[in-house]
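K.L.:
turn this into a structure:
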Amino acid sequence: MIALSRRATFKRIAAATAAAIGLSLAALPAQAQTKIKFVLQWKFEGSQAWFFVAQDKGYFKAEGLDVSIDQGEGSAASIPKVASGAYDAGFGDLNAIIDMAAKRPADAPVGVYMLYNTPPFTLIVKKDSPIKTPKDLEGKTIGGPANDGALKLFPALAKIAKVDTSKVNITNMAPNLREQMLMRGQVDATFGYVNTVTFSAKAMGIDAAKDLRFIRYGDYGMDLYSNAVFFSRKFVQDNPKAVAGFVRALNRAIKDVLADPEMAMDAVMKREPLLKRDVEKDRLLSALRNDMSHPEVARIGLGDVDDKRLERSIEILVDANQLARTPTPAEVFNRSFLPARDQRPSKLF
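P.N.:
Model prediction:
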């Protein structure tokens with residue numbers, strides 16, 4: 001009876017101890033994930049697929065991140081949103097970051113992964129337009145959304161191409177009216193990105209190859225970088241592991257998209273079912289082919305930049321816009337968060 005009593009006592013003690021441990025563990029908070037508010041350059045579209053894939057496949061979560069993704073209002077518009085603290089990170093024009101770094105270096109975000117390494121900036125005219133070069137824009141009206149990257153860079157193009165900007169009228173319009181106003185003759189030319197305009201026109205039944213002509217900034221010596229993933233300086237300083245994790249997850253998702261574009265389109269259509277899947281798939285493939293396949297990718301890998309090329313880009317912008325100071329490449333792009341060279345794509349097509 002005594003032995004039985006002791007065994008019962010031990011069982012009660014063991015049960016009580018286990019219960020206490022369970023209560024203690026339950027009282028501990030779950031390991032918190034780092035929240036990242038991320039803003040895109042534009043409305044949901046096919047060429048953003050990697051961000052959605054990283055979210056849907058749990059790549060962000062696996063890095064200890066809770067990432068929310070919002071639509072944007074233009075490639076230049078996402079920069080001040082991050083600089084103001086409204087967002088932690090975004091996707092947008094590196095040239096707008098350079099401009100802010102020259103004017104407000106303490107506030108300017110910093111690029112961490114370059115995606116659009118080929119300059120997409122362009123002026124668009126109708127196929128039969130007498131405008132053949134930027135100089136022909138004198139006396140004409142150009143339209144563009146206020147936050148359009150090509151519009152922001154026009155002073156630089158004008159200086160290189162010797163355009164008298166006092167003779168050029170610039171008007172703003174809603175992005176969805178750009179191609180419509182051009183085709184109706186309400187403006188003589190518009191600003192835009194080649195890929196964006198091509199597919200916006202397609203949605204209107206306009207064949208860009210037959211009906212439009214592109215005057216590309218890159219043909220006038222402006223071999224500039226374009227859209228990159230960037231973070232606020234404060235977030236980079238306070239959460240370097242989270243930044244590295246975000247970049248790893250994104251790089252992983254990009255490789256998945258390259259391997260399976262149809263899977264990528266599933267993620268896009270999940271966000272906006274009213275999109276035309278075939279059009280958005282073409283937009284994605286076009287971005288890979290035309291915006292992200294600069295020859296340097298074979299040498300340095302997707303995600304990185306060439307410091308000398310970036311330095312030349314900075315000099316072009318500083319000179320053309322008469323900026324007060326010249327940021328260094330390291331001020332606008334931080335490669336320390338990139339995965340190793342052999343882990344990043346070196347060929348997209």
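K.L.:
next one: phi and psi at the nearest residue to D148 once chain neighbours are set aside?
P.N.:
The shortest distance from D148 to any residue other than its chain neighbours is 4.9 Å, reached at F191 (C-beta to C-beta, 6 or more residues apart in numbering). Quick note: C-beta positions are derived from backbone N, CA and C, even for glycine. When read as degrees, to the nearest 10, the backbone of F191 gives phi -90, psi 150.
K.L.:
burial measure for F191, as a count.
P.N.:
When counting by other C-beta atoms under 10 Å, one arrives at 25 neighbours for F191.
K.L.:
next one: D278
P.N.:
Applying other C-beta under 10 Å, we find 10 residues neighbouring D278.
K.L.:
could you measure from it over to K103?
P.N.:
With the distance defined as C-beta to C-beta, to the nearest Å, D278 ends up 43 Å from K103.
K.L.:
one more: T165?
P.N.:
20 Å.
K.L.:
quick one: contacts for T118?
P.N.:
Listed by C-beta atoms under 8 Å, 6 or more residues apart in numbering, the contact set of T118 reads G218, S226, N290, D291, M292, S293, H294.
K.L.:
excluding chain neighbours, what is closest to R325?
P.N.:
Among residues not flanking R325 along the chain, A102 sits closest, at 5.2 Å (C-beta to C-beta, 6+ apart).
K.L.:
distance of the one you found from N321?
P.N.:
From A102 across to N321, the span is 8 Å (C-beta to C-beta).
K.L.:
low-confidence regions, the protein specifically.
P.N.:
Residues of the chain that meet the criterion pLDDT under 70 lie in 1-31.
K.L.:
can you give me the domain assignment for it?
P.N.:
Residue ranges for each domain of the chain read 34-118+225-343, 121-220, as given by automatic domain parsing.
K.L.:
dump the ones you listed into TSV; add distance to F349 as well.
P.N.:
Formatted as TSV, the entries for those read as follows, by distance: least, C-beta to C-beta, whole Å:
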stretch	distance to F349
domain 34-118+225-343	5
domain 121-220	14
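K.L.:
can you pull out the strands in the stretch 51-200 of the chain?
P.N.:
65-70, 89-93, 110-114, 121-126, 141-144, 169-172, 189-193 (DSSP state E, counting those that start in this stretch).
K.L.:
what number of residues lie near the nearest residue to D107 once chain neighbours are set aside?
P.N.:
Take D107 and drop its neighbours on the chain: the residue closest to it by C-beta to C-beta, 6+ apart is A83, 4.7 Å away. Burial of A83, expressed as a neighbour count using other C-beta under 10 Å, amounts to 22.
K.L.:
likewise for K81?
P.N.:
Quick note: K81 (other C-beta under 10 Å) scores 19 neighbours.
K.L.:
that one against F91, yeah?
P.N.:
No - taking C-beta atoms under 8 Å as the definition, K81 is not a contact partner of F91, at 11.0 Å.
K.L.:
element containing R248, please.
P.N.:
When secondary structure is defined by DSSP states H and E, R248 falls within helix 240-259.
K.L.:
now R325: how far from L157?
P.N.:
22 Å.
K.L.:
what about the two, which has more around it?
P.N.:
The neighbour count for R325 versus L157, taken as other C-beta under 10 Å, is higher for L157 (25 against 10).
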